[in-house]
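Undergrad: Okay, here's the prediction I keep looking at, along with the sequence it came from:
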Amino acid sequence: MNLFFRKLGQGPPLIIIHGLYGSSDNWVTIGKKLADKFEVYIIDQRNHGQSPHSPDHNYFLLKEDLKDFMDQQSIERAIILGHSMGGKTAMFFSSDYPERITNLIVVDISPLSYFTTNSIQLLQHTAILDSMNKIDFSKILSRNRIDEILSDSIPQKYIRQFLLKNIKRSKDNKLYWGINIPVLYEKLPEIIDGLKEEDFKGGRTIAGFPVLFIKGENSDYILEKDITAIKKIYPFAEIETIPNAGHWLHAEQPELFLQILLKFLLE
C-alpha cells in the first residue's frame with residue numbers, strides 16, 4: 001500500500017504516525033517545529049487521511065504498511081513516534097523490526113489490549129464511530145449541522161471538532177467522511193487490541209534502542225497496570241507525564257510536549 005505522507009526538513013529520519021480518526025494534518029505544526037533538526041515524515045495510515053481505503057485494518061497490516069513505507073523511501077532506520085493507534089502500530093513494529101528503529105516514542109497509549117486493561121475505551125469508541133456512521137450526508141449541507149447531530153451522543157466539543165476535520169467535500173459539493181468509517185467500526189476490536197504479555201515471558205523484552213512513553217495527566221489511556229506492562233516489555237523505557245493534558249496532549253500542551261521530546265532525542 002502506498003501511504004500518503006508529508007516530508008519536512010533535513011537530518012536523521014523521524015516518522016510520525018497519527019491515531020484513530022487522525023491524519024498527517026494533525027501533526028504538521030509539531031512536524032515543522034522538528035524540521036530544523038530532523039527529516040520528518042508524517043504518514044496517513046490506511047483508511048485515514050489521503051491514504052487508500054482497505055477492507056481490512058489491524059496491526060499486522062499497519063506495521064507492514066510502515067515497513068513498506070520505509071523501504072519505499074530507502075529509510076534503513078528511523079525515530080518512530082506514534083500517538084494512540086499510531087503508538088500501537090509503532091509498538092507492533094518494534095516487536096518485529098527492532099533493527100529498523102533508532103528511538104521509539106509512544107504517545108498516550110498502552111501496549112496492551114483494552115479488552116484486558118480498560119474496556120471502557122471500546123465502549124467510547126463504539127459510540128463515536130456509531131454516531132459518525134449514522135450521519136446521512138444526503139440530508140446535510142453544513143458542518144455545523146453535523147456538529148449539532150454529533151453533540152447528542154458526543155458532548156465533548158473538542159472531540160467533535162477533532163472528528164469534524166475528517167469531513168470532505170466532493171466535486172459536486174456533497175459532504176462525506178474522508179476516513180473509512182464502516183471498516184473502522186467493524187474492525188474496532190482489532191484496533192483496541194495490543195501486544196500480549198504472555199509473549200514476553202522468560203526474559204524476552206523489546207530493547208536495543210531508547211524508548212519513551214508520554215502520557216497525559218488527565219488521560220485514562222495509560223493506567224498503573226499498563227505501566228507495569230510497559231516496564232516488562234520495554235525494561236529501559238522512560239515514562240513522562242504532561243500535566244493539564246488529556247489524550248491529545250500534543251495539541252493541548254505543544255510546547256511542553258516538544259520540550260520533553262527534544263530532551264529525550266538530543267540529550
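TA: Structure received.

Undergrad: Run the chain-centre distance for stretch 30-43.
TA: Computed by C-alpha atoms, centre = their mean, to the nearest Å, the chain-centroid distance of stretch 30-43 equals 16 Å.

Undergrad: what comes into contact with it?
TA: 3-18, 24, 27-28, 51, 66, 69, 73, 75, 78-79, 250, 254, 257-258, 261-262, 265-266 (C-beta atoms under 8 Å, 6 or more residues apart in numbering). In this view, the C-beta of every residue, glycine as well, is placed from N, C-alpha and C.

Undergrad: The same query, at a cut-off of 6 Å, please.
TA: For stretch 30-43, contacts defined as C-beta atoms under 6 Å, 6 or more residues apart in numbering pick out 3, 5-16, 24, 27, 250, 258.

Undergrad: hmm, which of the residues you listed are the buried ones?
TA: 3, 5, 6, 8, 9, 13, 14, 15, 16, 24, 27, 250 (16 or more other C-beta atoms under 10 Å).

Undergrad: circling back: and the contacts of stretch 30-43, which of them are in helices?
TA: Among the contacts of stretch 30-43, the ones falling in helices (DSSP state H) are 250, 258.

Undergrad: rewinding a little: quick one: which of the buried ones among the contacts of stretch 30-43 is nearest to residue 96?
TA: Nearest to residue 96 among the buried ones among the contacts of stretch 30-43 is residue 15, at 15.6 Å by C-beta to C-beta.

Undergrad: Only the C-alpha atoms, please, for stretch 146-165, written as PDB.
TA: Taking Å, rounded to 0.1, in the frame of the first residue of the first chain, the C-alpha atoms of stretch 146-165 are listed here in PDB:
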ATOM      1  CA  ILE A 146     -23.200  17.600  11.600                       C
ATOM      2  CA  ASP A 147     -21.800  19.100  14.800                       C
ATOM      3  CA  GLU A 148     -25.300  19.500  16.200                       C
ATOM      4  CA  ILE A 149     -26.200  15.900  15.500                       C
ATOM      5  CA  LEU A 150     -23.000  14.500  16.900                       C
ATOM      6  CA  SER A 151     -23.500  16.600  20.100                       C
ATOM      7  CA  ASP A 152     -26.400  14.400  21.100                       C
ATOM      8  CA  SER A 153     -24.000  11.500  21.700                       C
ATOM      9  CA  ILE A 154     -20.600  13.200  21.900                       C
ATOM     10  CA  PRO A 155     -21.000  16.100  24.400                       C
ATOM     11  CA  GLN A 156     -17.200  17.000  24.400                       C
ATOM     12  CA  LYS A 157     -16.800  19.800  21.900                       C
ATOM     13  CA  TYR A 158     -13.100  19.200  21.500                       C
ATOM     14  CA  ILE A 159     -13.700  15.600  20.400                       C
ATOM     15  CA  ARG A 160     -16.400  16.700  17.900                       C
ATOM     16  CA  GLN A 161     -14.000  19.400  16.500                       C
ATOM     17  CA  PHE A 162     -11.300  16.800  16.000                       C
ATOM     18  CA  LEU A 163     -13.800  14.400  14.300                       C
ATOM     19  CA  LEU A 164     -15.100  17.200  12.000                       C
ATOM     20  CA  LYS A 165     -11.700  17.600  10.500                       C
END
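
Undergrad: on that earlier part again, out of the contacts of stretch 30-43, name the ones that lie in strands.
TA: Of the positions in the contacts of stretch 30-43, 5, 6, 7, 8, 13, 14, 15, 16 sit in strands, assigned by DSSP state E.

Undergrad: and the first one, what is it in contact with?
TA: To tie it back to what came earlier, the one meant is residue 5. Counted by C-beta under 6 Å, 6+ apart, residue 5 has contacts 41, 43.
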